[in-house]
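Visitor: Sharing a model prediction with you, sequence too.
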Amino acid sequence: MLRQTPLYEAHVGLGARMVDFAGWNMPVQYSGALAEHHAVRNQAGLFDVSHMGRFEVTGADAERFLQRLACNDVARLREGQAQYSALLNNEGGFIDDIVVYRLASQRYLLCVNAARREADWRWLEAGAFGDSKLVDRSDELAQIALQGPLSTKILQPLVTADLASLPYYHALACEVEEFPTLVSRTGYTGELGYELYVPSEAAVTLWERLLEVGRDKGLQPAGLAARNTLRLEAGYRLYGNDIDETTTPLEAGLGWIVGWGTGFVGESALQRQKAEGLRRKLVGFVMEDPGIARDGYPVLREGQVVGKVTSGGFAPTLDKSIGMVYLPLDGIEPGTSIEIEIRGKRKRASVCRLPFLRRG
Amino acid sequence: MSIPADLMYTKQHEWVSIDGDTATVGITEYAQQELGDIVYVELPEVGESFEAEESFGSVESVKAVSQIYMPLSGRVIAVNEDLADAPEIVNQDPYGEGWMIKVEIIDPSLVHELMSAEEYENYLKEEAG
């Protein structure tokens, strides 16, 4: 039985095509994946991301607890600030990549991937200590992402706070319409945008209100297909594809989220990996020959298979086929020629820097 | 759902238009709708020959890749070059400008194994059922 977010009926009412995503019945597209992608790059798009998990950590030892369980330096977080981080296993591999919000001095909110909700919860519960309390708020809160260059214009009339004073990776508790909402300037598209954490019972009202207010500005509901092409262009890693329990932040090019010296789980493994030297690293590539490189396709260099595509697809804004792959360290210079095996045929591609696209 | 009466159809949702010993092949309205936005079409070279039911190319949408199969045995005499730069034509006009290849039919007896428009419509209903 697939799980549904509070917005399920709204999606069906909008004519969305629904698919199973990590056990959730989610909209993959409404009008069409390309139109939704372009709407987010040029105007704005509205996503239901309520399938993600939302955990709250409170107590006098909440900071120490998160300093131990999450790899980024939690002590650097001020109230109202958000931080990209990860839960790692003892080998330094990703349990999940997460966003940590410091809501108050002893109160944090973690946003985790849908497919990892249960795994993360078990890992956090097992690691809890002292005066720290873990509460699963996933069901009582819905999460709506408004993304695109016109997001501020669309959202501002509905909120009590001044959005212009909210910097990137900051969040603020305010009212959207009359509902208590955490407005966060974050997203997974590479565009200016917001994620709204709202009471589940307010989700439908806010969703419909936003679509109504944004209609004349070109706002469109956007599904998982557009979410994936947008995040791929922006070079954001996808858990389960580009990162998992066997890959580390150093290999994934996410060394900037490692808070060295904070004593997090996995730190000694990462120190060892750093001292011994990396063997592979996640890079981007662009197809030179026609064809689309999809997840799992073999990647070759000088005739030898050296990896497989972790995420690949057509990039609508770039009008190119792009992808990501872990490559041995001696062949990751931008411009290096590689080949992707597409249904038995080898097609030329070249290594490039991440992200593919740099925007707002 | 548009299913032109003058075309023949396959279970893999290709359509065939037969004119003498030449067949024009594309994918149906239903197929393009199921695929969603098409972003790449891979077609064979002129001169290549394929057996009936053999894959002669692929259609890629944002989300997925799907093979296209030969409705009849034949030799490719033309491919729709416009699809290389504008694959979205297949979404917009699957039975017209979105045609994919023209083939010289090698074995005309196989034509009788294709579905008529009415049979294809019933087949779609059964599939949905």
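Guide: Nice, I can see it.
Visitor: Who are the contact partners of the residue nearest the centre of chain A?
Guide: Taking Cα atoms, centre = their mean, the centroid of chain A lies closest to residue A:188, which sits 4.9 Å from it. By Cβ atoms under 8 Å, 6 or more residues apart in numbering or on different chains, the residues touching residue A:188 are A:49, A:145, A:147, A:227, A:230, A:231, A:234, A:236. Heads up, the C-betas are built off the backbone N, CA and C, glycines and all.
Visitor: element containing it?
Guide: Residue A:188 is part of no helix or strand, with elements assigned from DSSP states H and E.
Visitor: one step back: out of the contacts of residue A:188, which comes closest to residue A:357?
Guide: residue A:234 (6.1 Å; Cβ to Cβ).
Visitor: right, and the closest one touches residue A:359 too?
Guide: Yes - counting by Cβ atoms under 8 Å, residue A:359 is a contact partner of residue A:234 at 7.4 Å.
Visitor: helix/strand/coil for residue 97?
Guide: No chain was given, so I picked chain A. Following DSSP: H, G, I helix; E, B strand; the rest coil, we place residue A:97 in the strand state.
Visitor: Switch to chain B, please.
Guide: Going by three-state DSSP: residue B:97 is coil.
Visitor: With residue A:101 instead?
Guide: Residue A:101 ends up strand, using three-state DSSP.
Visitor: quick check, the one helix or strand residue A:309 maps to touching chain B?
Guide: Using DSSP H and E, residue A:309 maps to strand A:304-315. Yes - judged by Cβ under 8 Å from any Cβ of the partner chain, strand A:304-315 and chain B are in contact via A:313, A:314.
Visitor: What backbone torsions are found at the residue positioned nearest the centre of chain B?
Guide: Geometric centre of chain B, nearest residue: residue B:26, 2.7 Å, by Cα atoms, centre = their mean. With angles defined as degrees, to the nearest 10, residue B:26 sits at phi -150, psi -170.
Visitor: what's the spacing between it and residue B:59?
Guide: Distance of residue B:26 to residue B:59, given as Cβ to Cβ, to the nearest Å: 10 Å.
Visitor: intersection of neighbour lists for those two?
Guide: residue B:90.
Visitor: Out of the contacts of residue A:188, list just those in helices.
Guide: A:227, A:230, A:231 (DSSP state H).
Visitor: OK, contacts around the second one?
Guide: In other words, residue A:230. A:37, A:40, A:41, A:147, A:188, A:189, A:190, A:191.
Visitor: can you pull out the helices in chain B?
Guide: Counting by DSSP H, the helices of chain B are B:29-35, B:82-85, B:89-92, B:117-128.
Visitor: Kindly present these as TSV, with separate columns for mean neighbour count and distance to residue A:123.
Guide: Converted to TSV, the helices of chain B look like this (neighbours: other Cβ atoms under 10 Å in any protein chain shown; distance: least, Cβ to Cβ, whole Å):
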stretch	mean neighbour count	distance to residue A:123
helix B:29-35	18	39
helix B:82-85	14	49
helix B:89-92	18	44
helix B:117-128	13	43
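Visitor: Quick one: closest of those helices to chain A.
Guide: Nearest of the helices of chain B to chain A, taken as Cβ to the nearest Cβ: helix B:82-85 at 7.2 Å.
Visitor: near chain A at all, the closest one?
Guide: Yes - for helix B:82-85, a contact with chain A is found by Cβ under 8 Å from any Cβ, at residue B:84.
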